[in-house]
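J.: sharing a model that was predicted from the sequence below.
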Amino acid sequence: MIISSPKYKKFLLFIGDVLVLYLSLWLTLMWRFGTPLNAFIWKLHFLPFTIIYLLWLLIFYILGLYDLKIARNDLNFYSILLKGLIICVLVGLSFFYLIPYFGITPKTILFLNIILFFVLISLWRQIFNTLIKLPSLYQNIIIIGKNSQTIELTEKINSTPQLGYKIVTLIEPKKEKLLEVLQNYKSCTIVTAINLNQHPEIAKILYQHLISFNFEDFPSFYEKITGKIPLSQINEIWLLNNIKESKKEFYEKVKRFIDVVIGIILGIVTIILFIPTAIAIKINSPGPIFYKQKRVGKNGKIFELYKFRSMIKNAETRGAVWAQKNDPRITKVGKVLRKTLIDELPQSINILKGDLSFIGPRPERPEFVERLEKEIPFYQARHLIKPGLTGWAQVNYKYGNSVEDAFEKLQYDLFYLKNRSIILDFKILLKTVNVALKGGTQ
């Protein structure tokens, strides 16, 4: 059912928010000027409030309010919604009083609009969060093949019913069991997490039920739900079929132009913050202001990455190690630099030089790459494209400091490698803003 699709639900949520915004404006103007509403009054307020509403919708997206994973009527959701509304109020006030271009400074109208929007959006989101979990909207899923990643996906779907899926059964690839399941369930989607070439009897049964069921392979379904590629379920053929560099030439040219623009902007910010940052680093601990570190780039090329120093001098006298939580090597100033991501600003030099893109897999150190390529399948695939200052893995997964974390991040990197586009890059940019607002680190 299309109505159970996460994309459809997000679209419905967005349209609902837009309708709520303009309904709140219409009610506000009627409240202020009476009925029937004068067409001139509507036209006078329509354009400036449309600009504000676009900014408000962007704020909602940045804060994750279009992520179905948090679409629950709980404290976490409403705290994020309240945070978004507070930011929207500040943006609205700033727009009208700092940019009085439209000739109106609607103190009362803006105040009334904010109150009505707060009430209506809270009511709409509560209704939406309730409706999307109705069992009648679920798409039933049968997964054939039991392993760590099918179990992981089953647990994820069962814990987030708002995604619109229900795992009715997870079965081993046995002929008798499969026939029994197919008799008990109709109108399901069957997800195959096994190699059907090795189970011809299963393939034959599925073919015989081609009309009655929808079919999907596990990597595609897993990717759709999680935003990452299941490493245990892919092989060289998958990479050859899905990583198509020749079709990305125009995208790469546009991306390089955007990188140069962003590199210049970040470079200007770096220059502005250089003196106070340099003084703080020097006062806090002896050593250089900048820190240079070798990283692995596109096609395995080694380059030097630049950062503001956030650790003590000679922090790696015993060799390269991953930074840990509450790492004693990080200085007091360094903690602030990392929390605000100011330590990353000098990488604008790497972006302008072409070693780094703004968005891509985070470049790793040669010492770690050598080990990770031995322990993680297809790890070298992330070097097919230019690394980035931020990336899909960085906005979806915590800071990694182990082989297990590198395994998880590679699954996100492969998703980006397959699906990268200007739209996905813009999505990552907005999510990076949210990471920065939360004081995240990459």
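T.: Happy to help now that I have it.
J.: show me the shaky parts of the stretch 251-400 of the chain.
T.: Across the stretch 251-400 of the chain, the ranges flagged by pLDDT under 70 are 315-326.
J.: longest helix in this structure, please.
T.: helix 249-284 (DSSP state H).
J.: for that helix, buried residues please.
T.: 255, 258-259, 262-263, 266-267, 270, 273, 277, 280-281, 284 (16 or more other CB atoms under 10 Å). C-beta: built from backbone N, CA, C; applies to glycine.
J.: cool, and stretch 173-181?
T.: Using 16+ other CB under 10 Å as the burial criterion, the residues of stretch 173-181 that qualify are 173, 178, 181.
J.: am I right that the first one is in contact with residue 142?
T.: So that's residue 173. No - when contacts are counted by CB atoms under 8 Å, residue 173 is not listed as touching residue 142 (11.8 Å).
J.: got a pLDDT number for the residue nearest to residue 70 when sequence neighbours are not counted?
T.: Take residue 70 and drop its neighbours on the chain: the residue closest to it by CB to CB, 6 or more residues apart in numbering is residue 77, 5.4 Å away. Note for residue 77: predicted pLDDT of 92.
J.: which strands and helices sit next to the helix or strand encompassing residue 77?
T.: The secondary structure element spanning residue 77 is helix 75-98 (assigned by DSSP states H and E). Judged by 3 or more CB pairs under 8 Å, 6 or more residues apart in numbering; DSSP states H and E, helix 75-98 is in contact with helix 39-62, helix 107-131.
J.: could you dump these into a markdown table with mean pLDDT added?
T.: As requested, the helices and strands packed on helix 75-98 are exported to a markdown table (pLDDT from 0 to 100):
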| stretch | mean pLDDT |
| --- | --- |
| helix 39-62 | 91 |
| helix 107-131 | 91 |
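J.: indicate which one of those helices is closest to residue 153.
T.: The stretch from those with the least distance to residue 153 (CB to CB) is helix 107-131; that distance is 22.6 Å.
J.: what lies in contact with that closest one?
T.: Judged by CB atoms under 8 Å, 6 or more residues apart in numbering, the contacts made with helix 107-131 from elsewhere in the structure are 12-13, 16-17, 20-21, 23-25, 27-29, 31-32, 45, 49, 71-73, 77-78, 81, 85, 88-89, 92-93, 96, 137, 162.
J.: same thing with stretch 48-55?
T.: By CB under 8 Å, 6+ apart, the residues outside stretch 48-55 that reach it are 18, 21-22, 25, 88, 91-92, 95-96, 102, 104, 113.
J.: for the chain, which segments count as strands?
T.: Counting by DSSP state E, the chain has strands at residues 139-144, 165-171, 189-192, 214-217, 290-296, 302-308, 357-359, 388-390.
J.: make TSV out of these and add mean neighbour count and distance to residue 332.
T.: Compiled in TSV, those are given as follows (neighbours: other CB atoms under 10 Å; distance: least, CB to CB, whole Å):
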stretch	mean neighbour count	distance to residue 332
strand 139-144	21	50
strand 165-171	18	47
strand 189-192	20	50
strand 214-217	14	51
strand 290-296	16	16
strand 302-308	18	14
strand 357-359	26	29
strand 388-390	25	24
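J.: quick one: closest of the ones you listed to residue 334.
T.: Ranking these by distance to residue 334, with CB to CB as the measure, places strand 302-308 first at 8.4 Å.
J.: direction included, what does that closest one pair against?
T.: The strands beside strand 302-308 in its sheet (DSSP bridges) come out as strand 290-296 (antiparallel).
J.: format the buried residues of stretch 173-181 as a markdown table; extra columns: distance to residue 166 and pLDDT.
T.: Supplementary listing: the buried residues of stretch 173-181 in a markdown table, determined by distance: CB to CB, whole Å; pLDDT from 0 to 100:
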| residue | distance to residue 166 | pLDDT |
| --- | --- | --- |
| 173 | 21 | 80 |
| 178 | 19 | 81 |
| 181 | 14 | 82 |
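J.: how about the strands of the chain in CSV, adding distance to residue 412?
T.: Supplementary listing: the strands of the chain in CSV, determined by distance: least, CB to CB, whole Å:
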stretch, distance to residue 412
strand 139-144, 22
strand 165-171, 21
strand 189-192, 21
strand 214-217, 19
strand 290-296, 18
strand 302-308, 20
strand 357-359, 12
strand 388-390, 12
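J.: for residue 342, find the nearest of these.
T.: Of all the strands of the chain, strand 302-308 sits nearest to residue 342, with 6.4 Å by CB to CB.
J.: now do the closest one against helix 249-284, angle only.
T.: Calculated by axes from the mean of the first three to the mean of the last three CA atoms, to 10 degrees, strand 302-308 forms an angle of 50 degrees with helix 249-284.
J.: and the contacts of strand 302-308?
T.: Contacts of strand 302-308 from elsewhere in the structure, counted by CB under 8 Å, 6+ apart, are 277, 281, 289-297, 337, 342-347, 349-350, 353, 355-356, 363, 366.
J.: what of stretch 170-178?
T.: With CB under 8 Å, 6+ apart as the test, stretch 170-178 has contacts from 142-146, 150-151, 154, 181, 194, 199, 201-202, 205.
J.: mind checking which of these are buried?
T.: Buried members of these, counted by 16+ other CB under 10 Å: 142-145, 150, 154, 181, 194, 199, 202.
J.: could you list the buried residues of stretch 365-378?
T.: Neighbour-count burial for stretch 365-378, counted by 16+ other CB under 10 Å, picks out 365, 368-369, 372, 376, 378.
J.: what do you get for stretch 224-236?
T.: 225-231, 233-234.
J.: out of those residues, who's nearest residue 328?
T.: Of all the buried residues of stretch 224-236, the one with the least separation from residue 328 (CB to CB) is residue 228, at 32.4 Å.
J.: and that closest one, backbone torsions?
T.: With angles defined as degrees, to the nearest 10, residue 228 sits at phi -150, psi 170.
J.: which residue is the nearest non-sequential neighbour of residue 263?
T.: On the basis of CB to CB, 6+ apart, the spatially nearest residue to residue 263 that is not a chain neighbour turns out to be residue 351, at 3.7 Å.
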